[in-house]
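Undergrad: Predicted model, plus sequence, below.
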Amino acid sequence: MGGLVERTSLIAKAKVSKLLDRAENPEETLDYSYEQQLVQLQNVKRGVADIATAKQRLQLQSTSMQEQTAKLDGEAREALKAGREDLAREALSRKAALQGQIDPIGQQIQQLDAQEQKLIDGEKALEAKVEAFRTQKEVIKAQYSAAEAQVQIGEAATGIGEHMADVGLAIQRAQDKTEQLQARAAAVDELTESGALEDFTAQGDDIDRQLAQTQQASQVDDELAKMKAELGQGSPPGQSDPPKALGTTS
Amino acid sequence: MIVRLMGEGQWRVDDGVRARIEELDAETERAVAAGDEQSVQAALQAIHELVRTSGEQLHHAHLGASDVVVPPADLSLGEARELLHGDGLIPELP
């Protein structure tokens, strides 16, 4: 089966020759190739623009999740002021769980951002290549017979096809990442609205889950202590109160 | 020879680099078989580094095809498997 490079080189060649085979009449090859390239360039531009739009939407969602954590923080503070440490603890637990979801989403948005930058570079290179092809085809048409021209231009068309395959894969990967992120953000939204965020850690295996819970618990303890210190509270009142559920936080 | 690093562009490298690329490519094959994503990415990353440091990048308006096409260095194991065994990962051209 060979390695990844061998296989990729082979597949790229196969896809490109399939594309070039569509132009069967040598008389038409040059203009047909160019027209096809213009259509593909438009498709690429549309793909890149769609990813930019989806990324902006994800950034907005991420911002609103951050606002949600700030809101939970405020609720915890109010609860402490009212002497309800149990409620404060629950709000902070939700905040920790939410933060644990937001951080990876933020990292992935950054990755998407880097992918988008590369896509824009790829789109610009495609544009430059198509323009270079247009110039070259006119020169070749003027100097060679149709059959000779086809040979001359074959290499150029193959090069553009290869670049197209490259950008095509980049768009597909960015789309996949966008979809994963959208699903993840939607899941967090849903859990935030239903108030079931603390169950979110149940996705990993048992050890992951326990680790996450332990980390979150100590984070909650730390934040609670800090908040109490800020509010000038010594030993916390109401610790023996039975925990009561907070309302949904949306 | 001309090498394309997918997502990065094309480089002109000395023909002598091919042997080293093939060695590293054999590592990608072993790593995929072992289900070791980290090693897959490390080997691909090494190929990208090798080409970038030993070659000369071609202008983006260059029109020629490449002799060797290297997949993106951050390929996941799933993507690597699809490339080797499935439809070949690269989408149909429009």
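TA: Alright, I've got the coordinates. Numbers count the residues shown, from 1 in each chain, chains lettered A, B, ... in the order given.
Undergrad: Nearest the geometric middle of chain B, what residue?
TA: In chain B, the centroid-proximal residue (CA atoms, centre = their mean) is residue B:70; its distance is 1.7 Å.
Undergrad: hang on, isn't that residue packed against residue A:5?
TA: Yes - counting by CB atoms under 8 Å, residue B:70 does reach residue A:5; the two are 5.2 Å apart. From N, CA and C alone the C-beta is placed, and that goes for glycine too.
Undergrad: Return every residue with contacts to both of the two.
TA: Both residue B:70 and residue A:5 are in contact with B:21, B:47, where contact means CB atoms under 8 Å, 6 or more residues apart in numbering or on different chains.
Undergrad: out of everything not next to it in sequence, what's closest to residue B:60?
TA: Sequence neighbours aside, residue A:125 is the residue nearest to residue B:60 in space, at 3.6 Å (criterion: CB to CB, 6 or more residues apart in numbering or on different chains).
Undergrad: wait, doesn't that neighbour sit right on residue A:162?
TA: No - in this structure, residue A:125 is not within contact of residue A:162 by CB under 8 Å, at 11.5 Å.
Undergrad: out of those two, which sits in the more crowded spot?
TA: Comparing residue A:125 with residue A:162 by neighbour count (other CB atoms under 10 Å in any protein chain shown), the higher total belongs to residue A:162, at 26 against 19.
Undergrad: what about the more buried one, which SS state?
TA: Of the three states, residue A:162 takes helix under DSSP: H, G, I helix; E, B strand; the rest coil.
Undergrad: again, but for residue B:89
TA: With three-state DSSP as the criterion, residue B:89 reads coil.
Undergrad: what's near enough to touch it?
TA: A:11, A:169, B:71, B:79, B:82, B:83.
Undergrad: Helices - which of these land there?
TA: A:11, A:169, B:79, B:82, B:83 (DSSP state H).
Undergrad: Which residue, other than its chain neighbours, is closest to the last one?
TA: Spelled out, it's residue B:83. That would be residue B:89: by CB to CB, 6+ apart, it lies 4.3 Å from residue B:83.
Undergrad: Check the fourth one too.
TA: When the adjacent residues along the chain are set aside, residue B:82 lies closest to residue B:89, with 4.8 Å between them (CB to CB, 6+ apart).
Undergrad: quick revisit: which one (most neighbours) among the contacts of residue B:89?
TA: residue B:71 (29 neighbours).
Undergrad: Isn't that one up against residue B:4?
TA: No - the criterion here is CB under 8 Å, and residue B:71 misses it with residue B:4 at 9.8 Å.
Undergrad: Now do the nearest residue to residue A:101 once chain neighbours are set aside: how many residues are near it, please.
TA: Closest residue to residue A:101 apart from its sequence neighbours, by CB to CB, 6+ apart: residue A:188 at 4.8 Å. Residues near residue A:188, counting by other CB under 10 Å, number 22.
Undergrad: roughly how far out does the host helix or strand of residue A:188 sit from the chain middle?
TA: In the assignment (DSSP states H and E), residue A:188 maps to helix A:146-194. From the chain centre to the centre of helix A:146-194 is a distance of 13 Å (CA atoms, centre = their mean, to the nearest Å).
Undergrad: packing partners for that helix?
TA: In terms of contacts (3 or more CB pairs under 8 Å, 6 or more residues apart in numbering or on different chains; DSSP states H and E), helix A:146-194 is packed against helix A:4-21, helix A:26-81, helix A:85-143.
Undergrad: Chain B versus residue A:186, what's the distance?
TA: Using CB to the nearest CB, to the nearest Å, residue A:186 is found at 22 Å from chain B.
Undergrad: in stretch A:3-19, what's buried?
TA: Within stretch A:3-19, the residues scored as buried using 16 or more other CB atoms under 10 Å in any protein chain shown are A:3-9, A:11-13, A:15-16, A:19.
Undergrad: contacts for it?
TA: Where contact means CB under 8 Å, 6+ apart, the residues beyond stretch A:3-19 that reach it are A:1-2, A:36, A:158, A:161-162, A:164-166, B:4, B:6, B:21-22, B:24-29, B:32, B:40, B:44, B:47, B:65-71, B:75, B:80, B:83-84, B:88-90, B:92-93.
Undergrad: Any of the residues you listed buried? List them.
TA: A:36, A:158, A:161-162, A:164-166, B:4, B:6, B:21, B:24-25, B:27-29, B:32, B:40, B:44, B:47, B:65-66, B:68-71, B:75, B:80, B:83-84, B:88-90, B:93.
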